[in-house]
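**Student:** need a structure here:
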Amino acid sequence: MNTAAVTGENTALDSYIDKWLSVQPQQRIALAFVDPHRYPGHIALAALEQELLGAAYGIREPQVAAAKLNWWAEELSGAASSGGRHPLTQVLFDDERAHALPGERWLAPVLAAMAQLEEGTAADFSSQVAAASQLHGAWAQLENAWWFGQGASAERAAQLATLSHLLHGLLRLEEDAERDRLPLPMARLARFGLSRTQLRQASEEREAAIRAQLDDLKRAWADANKLAGPISVFRRLESEQNRASVQRAAKAPDPLAVLRQRQQQRGPGVAWRAWLAARAWHRQVGD
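**Tutor:** The predicted structure is shown next:
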């Protein structure tokens with residue numbers, strides 16, 4: 001499915017949707033179950049999340065990232081009255097859902113992203129989850145309010161979003177070995193005797209450390225799925241795909257290779273998960 005089919009025409013919006021889909025290619029299948037003509041804001045919200053995460057995690061210079069996030073803070077602060085300048089904001093604030101949400105809910109993810117820009121590597125897995133949950137928890141609050149109404153619990157969505165972020169960090173382990181914030185916590189590096197430089201090269205110690213991280217993620221995913229609250233179609237598909245990837249990679253001799261291969265996975269299994277996610281959504285909202 002191309003993005004023109006999502007927006008109904010070839011517009012500036014397409015490039016932002018393409019950016020989101022390049023990171024989460026399985027969501028192209030989910031789009032078959034979220035009518036873009038009826039729910040354009042749902043798709044724009046997912047693309048906006050990718051824009052904010054790209055600024056928070058993808059820009060290496062904190063000052064540059066802060067400048068971009070400041071722009072988004074100004075944009076989202078004024079969008080209710082102006083209608084927005086950015087294509088994603090314009091789609092979102094053309095929907096009455098955006099105006100029903102308090103302004104602080106739109107700003108919370110941006111402020112949380114700015115607060116964590118210069119954080120270093122977490123001490124241990126629990127600290128890593130706690131640090132990441134500030135941004136991803138704030139986003140889950142916004143996302144669930146949009147999809148399910150302001151009274152919807154975001155407890156489960158927040159934890160699943162946080163865990164998916166930590167897994168995505170593992171995919172960039174080699175590229176991010178010199179960054180201040182590493183995908184593996186300090187206690188994990190110490191346990192397996194790994195330096196930053198050694199994260200760039202495959203070794204028994206590195207693969208064992210990755211598998212240990214995956215084991216913690218696996219347990220955390222099981223706990224998260226016991227929590228209360230609905231989750232969006234896109235979040236559910238992302239989480240189910242990632243959970244299955246964690247389980248498979250945790251047993252593999254080369255866990256990173258398995259994770260990267262499954263990142264591009266499509267086919268009947270993905271379509272089935274997307275359909276189940278859409279069915280759960282429609283049941284939740286009674287539509």
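**Student:** Could you tell me how far the residue of the chain most remote from its centre is located from Glu205?
**Tutor:** Note on the chain: the largest C-alpha distance from the chain mean falls to Gly193, namely 30.1 Å (Cα atoms, centre = their mean). Computed as Cβ to Cβ, to the nearest Å, the Gly193 to Glu205 distance reads 6 Å. For glycine as for every other residue, the C-beta is placed from the backbone atoms N, C-alpha and C.
**Student:** same thing with Ala79?
**Tutor:** Counting by Cβ to Cβ - Ala79 and Glu205 are separated by 49 Å.
**Student:** need the strands for this structure, in chain order.
**Tutor:** For the chain, strands defined by DSSP state E do not occur.
**Student:** Where does the prediction get shaky in the stretch 51-200 of the chain?
**Tutor:** By pLDDT under 70, the stretch 51-200 of the chain contains no weakly predicted segment.
**Student:** show me where it has helices.
**Tutor:** Along the stretch 51-200 of the chain, counting by DSSP state H, counting those that start in this stretch, helices occupy 62-82, 87-92, 96-100, 103-115, 125-148, 155-171, 186-191.
**Student:** could I get these as CSV with distance to Ala280 and mean neighbour count?
**Tutor:** Formatted as CSV, the helices of the stretch 51-200 of the chain follow (distance: least, Cβ to Cβ, whole Å; neighbours: other Cβ atoms under 10 Å):
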stretch, distance to Ala280, mean neighbour count
helix 62-82, 29, 16
helix 87-92, 23, 22
helix 96-100, 20, 14
helix 103-115, 23, 19
helix 125-148, 11, 21
helix 155-171, 12, 22
helix 186-191, 34, 17
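**Student:** Which one, of those, ends up nearest to Leu237?
**Tutor:** Within those, the stretch nearest Leu237 is helix 155-171; the backing value is 10.7 Å (Cβ to Cβ).
**Student:** centre of the chain versus stretch 168-182, how much separation?
**Tutor:** 16 Å (Cα atoms, centre = their mean, to the nearest Å).
**Student:** My error: substitute stretch 24-44 in the last question.
**Tutor:** Centroid separation for stretch 24-44 versus its chain: 15 Å, with Cα atoms, centre = their mean.
**Student:** what about it, start to end distance?
**Tutor:** One end of stretch 24-44 sits 14 Å from the other (Cα to Cα, to the nearest Å).
**Student:** Could you give me the buried positions within it?
**Tutor:** Using 16 or more other Cβ atoms under 10 Å as the test for burial, stretch 24-44 gives 24, 26-31, 33-34, 36, 40-44.
**Student:** what's the answer for stretch 242-251, then?
**Tutor:** Asn242, Arg243, Ala244, Ser245, Val246, Ala249, Ala250.
**Student:** check contacts around the fourth one.
**Tutor:** Read that as Ser245. Ser245 sits next to Leu167, Val258, Leu259, Arg262, Gln263 when contact means Cβ atoms under 8 Å, 6 or more residues apart in numbering.
**Student:** circling back: between the helices of the stretch 51-200 of the chain, which one is nearest to Val285?
**Tutor:** Smallest distance to Val285 across the helices of the stretch 51-200 of the chain (Cβ to Cβ): 6.4 Å, for helix 125-148.
**Student:** tell me the angle of the closest one relative to helix 103-115?
**Tutor:** Following axes from the mean of the first three to the mean of the last three Cα atoms, to 10 degrees, one obtains 150 degrees for the angle between helix 125-148 and helix 103-115.
**Student:** Just the CA atoms of helix 125-148, as PDB, please.
**Tutor:** The C-alpha trace of helix 125-148 is given here as PDB (Å, rounded to 0.1, in the frame of the first residue of the first chain):
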ATOM      1  CA  PHE A 125      17.500  -2.700  33.400                       C
ATOM      2  CA  SER A 126      14.900  -1.400  35.900                       C
ATOM      3  CA  SER A 127      16.500   2.100  35.700                       C
ATOM      4  CA  GLN A 128      16.500   1.900  31.900                       C
ATOM      5  CA  VAL A 129      12.700   1.100  31.900                       C
ATOM      6  CA  ALA A 130      12.000   3.900  34.400                       C
ATOM      7  CA  ALA A 131      14.000   6.500  32.300                       C
ATOM      8  CA  ALA A 132      12.400   5.600  29.000                       C
ATOM      9  CA  SER A 133       8.900   5.400  30.500                       C
ATOM     10  CA  GLN A 134       8.800   9.200  31.000                       C
ATOM     11  CA  LEU A 135       8.600   9.900  27.300                       C
ATOM     12  CA  HIS A 136       6.800   6.800  26.200                       C
ATOM     13  CA  GLY A 137       4.300   7.000  29.100                       C
ATOM     14  CA  ALA A 138       3.400  10.500  28.200                       C
ATOM     15  CA  TRP A 139       3.000   9.500  24.600                       C
ATOM     16  CA  ALA A 140       0.800   6.500  25.500                       C
ATOM     17  CA  GLN A 141      -1.500   8.900  27.600                       C
ATOM     18  CA  LEU A 142      -2.000  11.000  24.500                       C
ATOM     19  CA  GLU A 143      -2.400   8.100  22.100                       C
ATOM     20  CA  ASN A 144      -5.000   6.300  24.300                       C
ATOM     21  CA  ALA A 145      -6.900   9.500  24.900                       C
ATOM     22  CA  TRP A 146      -7.100   9.900  21.100                       C
ATOM     23  CA  TRP A 147      -8.100   6.300  20.300                       C
ATOM     24  CA  PHE A 148     -10.300   5.500  23.200                       C
END
